[in-house]
Each structure stands twice: as structure tokens, then as C-alpha cells.
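Asker: Below are the sequence and a predicted model; questions follow.
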Amino acid sequence: MKQMKSAIWSLFLISILSCTGANNKEYDRAVPVMEEASKFEAEQSDDNSTEIITERKVIKRGEIKFQTRSIQETTSLITKNVNDLKGYISSDNVYNSDDRITQRIEIRIPADSFDDLLLRISESARKIDFKNVQVQDITEEFIDIETRIKTKKELESRYRDLLVKAKTVEEILSIEKELGTLRSDIESIEGRLKYLKDQVNLSTLSVEYYELTSSTLNFSSKLGKAVVMGWKLLLGFIIGLVNLWPFIIIIVVIIIVALRISKKKPTKM
């Protein structure tokens, strides 16, 4: 009886060990695929970290506000210069107030023509209120993004080679999952790189200029507005009195009655 029990336990242990060994073999086939790709990505990052920066990447932005003799002439001058320098106006707004007409435009201009355009606009100004130029160096970020894209694309190619060599469903699913994540990362980084290139290649210049209206016209305009406002106030006062006519009649009647009563009272000697 004891020998029978020992035989049964031995068969049970052998079956467990054989199942575990099969699972481990399946796991061992999938893990090296991911480890090899991760090792490749780390090696590429180390290699690219020593890349030498040869060209500075800068984003240039500027703004200027000034008084002009003629809004129309200044607008025509700016438009002509922008077209000549291969730029474009991205926004254009006009505002009117009591003593001036103001126009605000935003210009996108090739970076190498930015200083030339700003100089031309400044020379046409009657009086400059302020002028400001900012330069942001994004060389490190630019190089870092380009390096990351290069590394991830090489890694993507490596994953595709591994996908061809995959033999099990687990390997195929694991590699396809990594490829999907990798492709999403690449598209996101490429979008950022595209934005930075646009900002580097085309500088932004915000221009605000205004024309003062003549003092005579300004005085006449204000005098006319004052007359109209006074007339409106008078009409409003009359309408208010009309709305209160019942109370006014009552008050008048009370005053008349009070006066008559006071006249009928005998005076004391």
C-alpha cells in the first residue's frame, strides 16, 4: 500500500514539473524579443547623445507700437514690404475710439528678413511708443527631438524585423503592441518638430499703429454728442414727470386745500 502511494505522488510531481517547464519555454521565447529591442534603443540613445550641434535654432518674435500720419498709407506700405519679403499677414484688426484710429496686425516673415522688415516699419513711424524683440534659443530641444525621432524610427524598423521572425502568437501580439505605441510616439514627436521648424523658419512680428483725429473734428464731435445727450436727458426728465402725474395732482390738490383752510381761520387779536 505504501509503495502504491509513493508511485502516485511521483507521477503527480512529474506532471507538474513538465507543465511548468513548457510554460517557461514559451515565456523564454517571448522575453528575448523585447529585451533585444530595449537594449537597441538604449545603445542608440547613448550613441546619439554625443552628436555635435553645428547650427543654432532660434525663434524670433517682435512687437512695435507707433503713431502714424495716415493709417491707410502705413497699411499699404507694410503690406507691400511683407509681400516683397515673402511673408504674410496672419491677422488684421481695426479699432476706433474718440481721439484715434488704431490698427493691429500680426505678420509671419522669413527669419532672415525679420530685421529688414522691422527697420522699414520703424523708419515709416511718426513716433515710436515702444519696440521689443525677443530671441529664444531652442537648439538643444531641436536636436533632442530629431535624435529621438531617428532612434524611434530605427527601433521601429528593428521591431518589424523581429515581427517577421516571430514564431508564436504571444510574440506577434507583444511586438505589434510595441509597434503601435512606438508609431504613436513618433507621430507626436514629429508634430512637435514640425511646429518648431515653422517657428524657426517664420518669425512673428506684431505691429500696432494709430492715427490721431484732428482736434477741430474731435471738438465738434464731442459738442454734437453733448447736445444730443442733453436733449435725451431733457426728454427723459419730461417722461419721468408724465409718469408721476397722479402724484403731482394729489400734491397740488393738498396744497390748494391747505391754503384755503388757512385763509378761513380767523386771525387772533
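Answerer: That came in fine, so what should we check first? Since this is a predicted model, take the numbers as computed values, not measurements. Numbering: from 1, shown residues only.

Asker: The strand or helix carrying residue 193: which residues count as buried?
Answerer: Per DSSP states H and E: residue 193 is located in helix 169-201. Residues of helix 169-201 classed as buried: 171, 174-175, 178-179, 182, 186, 189, 193, 196, 199-200 (neighbour count, 16 or more other C-beta atoms under 10 Å). For glycine as for every other residue, the C-beta is placed from the backbone atoms N, C-alpha and C.

Asker: CSV for those residues, including pLDDT and distance to residue 246?
Answerer: Converted to CSV, those look like this (pLDDT from 0 to 100; distance: C-beta to C-beta, whole Å):
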residue, pLDDT, distance to residue 246
171, 85, 96
174, 88, 91
175, 87, 92
178, 88, 87
179, 89, 87
182, 91, 85
186, 93, 82
189, 94, 79
193, 94, 78
196, 93, 75
199, 94, 72
200, 94, 77
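
Asker: and which of those residues is nearest residue 232?
Answerer: When the buried residues of helix 169-201 are compared for distance to residue 232 (C-beta to C-beta), residue 199 wins out at 52.4 Å.

Asker: for the closest one, what are its contacts?
Answerer: By C-beta atoms under 8 Å, 6 or more residues apart in numbering, residue 199 lies in contact with 59, 138.

Asker: With residue 59 instead?
Answerer: Residue 59 is in contact with 135-136, 138, 196, 199-200, 203, counting by C-beta under 8 Å, 6+ apart.

Asker: tell me the secondary structure for it?
Answerer: Secondary structure for residue 59, judged by DSSP: H, G, I helix; E, B strand; the rest coil, is strand.

Asker: Against residue 78, how distant is it?
Answerer: Separation of residue 59 from residue 78 (C-beta to C-beta, to the nearest Å): 22 Å.

Asker: One more: residue 233?
Answerer: Taking C-beta to C-beta, one finds residue 233 at 44 Å from residue 78.

Asker: out of those two, which sits in the busier spot?
Answerer: Using other C-beta atoms under 10 Å, the more surrounded residue of residue 233 and residue 78 is residue 78, with 21 against 10.

Asker: Which helix or strand contains that one?
Answerer: helix 71-84.

Asker: residues of that helix that come out buried?
Answerer: 71, 74-75, 77-78, 81-82.

Asker: Looking at the most centrally placed residue in the chain now. What's its pLDDT?
Answerer: Closest residue to the average C-alpha location of the chain: residue 195 at 11.9 Å, with C-alpha atoms, centre = their mean. What the model reports as pLDDT for residue 195 is 94.

Asker: ok, it - contacts?
Answerer: Under the criterion of C-beta under 8 Å, 6+ apart, residue 195 has no neighbours.

Asker: any idea how far it is from residue 209?
Answerer: In terms of C-beta to C-beta, residue 195 sits 29 Å off from residue 209.

Asker: go on, residue 255?
Answerer: Residue 255 is 65 Å from residue 209, where distance means C-beta to C-beta.

Asker: same thing with residue 229?
Answerer: According to C-beta to C-beta, residue 229 and residue 209 sit 31 Å apart.

Asker: out of the two, which sits in the more crowded spot?
Answerer: Using other C-beta under 10 Å as the criterion, residue 229 and residue 209 rank with residue 209 on top: 25 against 10.

Asker: So what sits opposite the more buried one in the bridge?
Answerer: Beta-bridge partners recorded for residue 209 (DSSP bridges): residue 66, residue 103.
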